[in-house]
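*Asks:* A predicted structure for the sequence below; I have some questions about it.
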Amino acid sequence: MAHDGADEAQAILMAVTELAATGRAFSARGWVPATSGNFSRRIGEAAVLVTASGTEKGELTPADFLRIDLDGAPLDELGPRPSAEAPLHGAIYRRFAGARAVLHVHAPATTAISLGRRDAVTLTGYEMLKALAGVTTHEHVETIPIVPNDQDTTRLAAAAGDQLDRTPDAHAYLIAGHGLYTWGSSVAEARRHVEALEFLFECELRRGEQR
Ligand SMILES: [Zn+2]
């Protein structure tokens, strides 16, 4: 057990370092304004490290994180409250065994493109698609589903989970007027997905202006 505890302490330390660095980078680009967004990293079979509610993502310290289970419930009695959206992280980890990190941002192109479209954004023809895990050609067709926003985050997590069941090949999903959820086998991979998708959505918006 002592060995497991040491492993988890090590996993927590690494997760805090990686997620804080991600927060500084995303904050500098205006993707997590006004304490929005939340990040998590799986640290064990049934444990996830997640950002606490109301934290400034550009200034994350170890005190801004807590451990939750895959339903989003805190594993420690003391400590900060999890983000209200913690159940959305669990919905991803429970479905995709390969998901080890989940990143949620309120980035401008991501948010803009999620409104005014019916149920998905389809991306194809872009070299940047190859930044998505397993994609090897610009001819790939990536369909990013859009889930309606809901202030009841338990209901929102259920709706997002149902959507993920219907589109298991998607690398991400949008919440209408709200933001993006994406994941990866590491924090670095999830971060690459956020960067690529925000770029691709920005391209789609600019193409729309030209038509
Ligand atoms: Zn949000």
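*Replies:* Structure received. All values derive from a computational prediction rather than experimental measurement. Residues are numbered from 1 along each chain as shown.
*Asks:* now for the lengthiest helix in the chain, which elements pack on it?
*Replies:* Assignment by DSSP state H gives helix 2-28 as the longest helix of the chain. Contacts defined by 3 or more Cβ pairs under 8 Å, 6 or more residues apart in numbering; DSSP states H and E place helix 2-28 against strand 38-42, strand 48-51, strand 65-68, strand 101-105, helix 187-210. The C-beta positions use only the backbone N, C-alpha and C, and glycine is treated the same way.
*Asks:* now do it and strand 38-42, the angle between them.
*Replies:* Relative orientation of helix 2-28 and strand 38-42, computed by axes from the mean of the first three to the mean of the last three Cα atoms, to 10 degrees: 150 degrees.
*Asks:* buried residues in helix 2-28?
*Replies:* Buried positions in helix 2-28, judged by neighbour count with 16 or more other Cβ atoms under 10 Å: A11, I12, A15, V16, E18, L19, A20, T22, G23, A25, F26, S27.
*Asks:* can you put the residues you listed in TSV and add pLDDT?
*Replies:* As requested, the buried residues of helix 2-28 are exported to TSV (pLDDT from 0 to 100):
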residue	pLDDT
A11	91
I12	93
A15	96
V16	96
E18	98
L19	98
A20	98
T22	98
G23	98
A25	98
F26	98
S27	98
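*Asks:* tell me which residue is most central in this structure.
*Replies:* When Cα atoms, centre = their mean is applied to the chain, the residue found nearest the centroid is L103 (2.4 Å).
*Asks:* and the closest residue to that one other than its chain neighbours, how many neighbours?
*Replies:* In space, and not counting its chain neighbours, L103 is closest to A190: 4.6 Å by Cβ to Cβ, 6 or more residues apart in numbering. The tally of other residues near A190 (other Cβ atoms under 10 Å) stands at 29.
*Asks:* tell me who's in contact with A190.
*Replies:* A190 sits next to A101, V102, L103, T182, W183, G184 when contact means Cβ atoms under 8 Å, 6 or more residues apart in numbering.
*Asks:* enumerate every residue touching the closest residue to A46 other than its chain neighbours.
*Replies:* Residue nearest to A46 in three dimensions, not counting chain neighbours: D69, with 5.6 Å by Cβ to Cβ, 6+ apart. Going by Cβ under 8 Å, 6+ apart, D69 touches A46, A47, V48, L75, G90.
*Asks:* ok, the first one touching A73?
*Replies:* No. With contact taken as Cβ atoms under 8 Å, A46 and A73 are classed as non-touching, separated by 10.7 Å.
*Asks:* including distance to E59, could the buried residues of helix 2-28 go into CSV?
*Replies:* Listed next are the buried residues of helix 2-28 as CSV, based on distance: Cβ to Cβ, whole Å:
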residue, distance to E59
A11, 22
I12, 19
A15, 17
V16, 13
E18, 16
L19, 12
A20, 8
T22, 13
G23, 8
A25, 13
F26, 12
S27, 8
